[in-house]
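Visitor: I would like the atomic coordinates for the input below:
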Amino acid sequence: MPESRPLTFLCITTYEKGQEFMRECKRTGCRVLLVTAEKLRGADWPRECLDDTFYLPQEISLPDIVKAVTHLARSQKIDRIVALDEYDMETAATLREHLRVPGMGLTTMRYFRDKLAMRMKALEHGIRVPDFVPLLNHNDIHYYLNHVPGPWVLKPRQEASAIGIKKIHAPEELWPVLEELGEKQSSFLLERFVPGEVYHVDSVVSENEVAFANVSKYGKPPMNVAQGGGVFTTFTVPRGTEEDSALRQINRELIAALGLLRGVAHAEFICAHGDGHFYFLECAARVGGAYINEMVEAATGINLWREWARIEVAGGDGSYKLPPVREDYAGVILSLARQESPDTSGYNDPEIFLRIKRHHHAGLILRSNNQQRVQSLLEDYAQRFAAEFLAVEPPRDKPTA
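Guide: So this is what the prediction gives:
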């Protein structure tokens, strides 16, 4: 048997993220290899924590990535393969299966990437989802349109966030869209549009059990912000309330149903105006974007990237322990800005925890022990952001770095 040695992590990301994950791996004594895109050669990576970095050309195919990493594995013993971004999950799962490295395989990965697969699995386990139909059999689609009242939402099965989503108001609107999609239509699903309030639950999962969860509510549904522009806000819901307890329970059932063994999850649910029930929308095995990690840390002291790394290092040996959790409240406000470097110095309430510094974006993270104070400040700030900073760009069809 080989002598004891540090674990080697192969981190894969085509976007600039996950720095704290890599730092925590290094802090625990692991070796860290980064595989990323050539266009990110100059990105702000934690280079002091990286034992080696490999840059891939933009158009490289998955089989070629497998060949390249297999060649690397001749000289590097790879113990963990981690996709730091949702779009790299298939690559990571394919590599794990080819190299027989422990972790999420292709079948489980699809429950966190394919909106059709995750809905079918959730429904199988009794979790409410909006009525949907795969865009496969046209007789099924006709039946669905005749029996499920519109409007409906056309969703790509493997995009993240609200990218590529289109609202359909009448059956005659759908068929030209499907004709245009051609052979790609099977990569979409059609779902009943459910008006309501949208929530997200951000979890730390160890051995298929939710070790930590934080329930938050979007000020404006993400699809509305993505497609109509506006100021993005989200905030911690009051702990111990009916909505908090209900979402924690549904989230536990969902994580068990989808089969996430260990890692982090960002799940979204909608509370329908029509019947007051919570419906599952989607779940990703990743850290939520839009500074949700920073908001969760402000409220609870839990950094999702850091805990994810610690869980991956521990593996299944039972050594992972969640650190102490605070129970403050926090919120995020973020908007695309007309100014290159917007000045938020006019916002000076003591609840401001962090000022977000990002090109052509204005953003703040708030923290308080009073939930209503955070929520009311966000409502006030959203109006001011709209007047002082807000810029609007057309909805995206593709993700951007």
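
Visitor: what about the strands in the stretch 51-200 of the chain?
Guide: Remark: strands assigned in the stretch 51-200 of the chain by DSSP state E, counting those that start in this stretch are 52-56, 80-83, 132-134, 152-156, 166-168, 188-192, 196-206.

Visitor: Looking at the ones you listed, spot the one closest to residue 104.
Guide: Minimum separation from residue 104 across the strands of the stretch 51-200 of the chain (C-beta to C-beta) falls at strand 80-83, 8.8 Å. The way it works is simple: take the backbone N, C-alpha and C, and place the C-beta from them, glycine included.

Visitor: Please name the strands paired to the closest one in the sheet, noting orientation.
Guide: strand 8-13 (parallel) (DSSP bridges).

Visitor: The helix or strand where residue 256 lies: which residues count as buried?
Guide: Using DSSP states H and E, residue 256 sits within helix 242-258. By 16 or more other C-beta atoms under 10 Å, the buried positions in helix 242-258 come out as 243, 244, 246, 247, 248, 250, 251, 252, 254, 255, 257, 258.

Visitor: okay, it in CSV with CA atoms only?
Guide: Only the C-alpha atoms of helix 242-258 are listed here, as CSV (Å, rounded to 0.1, in the frame of the first residue of the first chain):
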residue,chain,number,x,y,z
GLU,A,242,-44.6,28.7,9.5
GLU,A,243,-42.9,29.5,6.2
ASP,A,244,-39.5,28.8,7.6
SER,A,245,-40.4,25.5,9.2
ALA,A,246,-42.4,24.3,6.1
LEU,A,247,-39.5,25.1,3.7
ARG,A,248,-36.9,23.4,5.9
GLN,A,249,-39.0,20.2,5.9
ILE,A,250,-39.7,20.2,2.2
ASN,A,251,-36.0,20.9,1.6
ARG,A,252,-35.0,17.9,3.7
GLU,A,253,-37.3,15.7,1.8
LEU,A,254,-36.1,17.1,-1.5
ILE,A,255,-32.4,16.6,-0.8
ALA,A,256,-33.1,13.0,0.3
ALA,A,257,-35.1,12.4,-2.9
LEU,A,258,-32.5,13.8,-5.3
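
Visitor: And the helix or strand just after that helix, how far out from the chain middle?
Guide: Going down the chain from helix 242-258, the next helix or strand is strand 263-272, by DSSP H and E. Using C-alpha atoms, centre = their mean, to the nearest Å, the distance from the centre of strand 263-272 to the centre of the chain it belongs to is 9 Å.

Visitor: And stretch 198-214, by the same measure?
Guide: With C-alpha atoms, centre = their mean, you get 12 Å for stretch 198-214.

Visitor: same deal with stretch 344-352?
Guide: For stretch 344-352, the distance to the chain centre is 28 Å (C-alpha atoms, centre = their mean).

Visitor: The stretch 101-250 of the chain: helices as residue ranges?
Guide: Under the criterion DSSP state H, counting those that start in this stretch, the stretch 101-250 of the chain contains helices at 106-113, 115-124, 138-147, 171-181, 222-228, 242-258.
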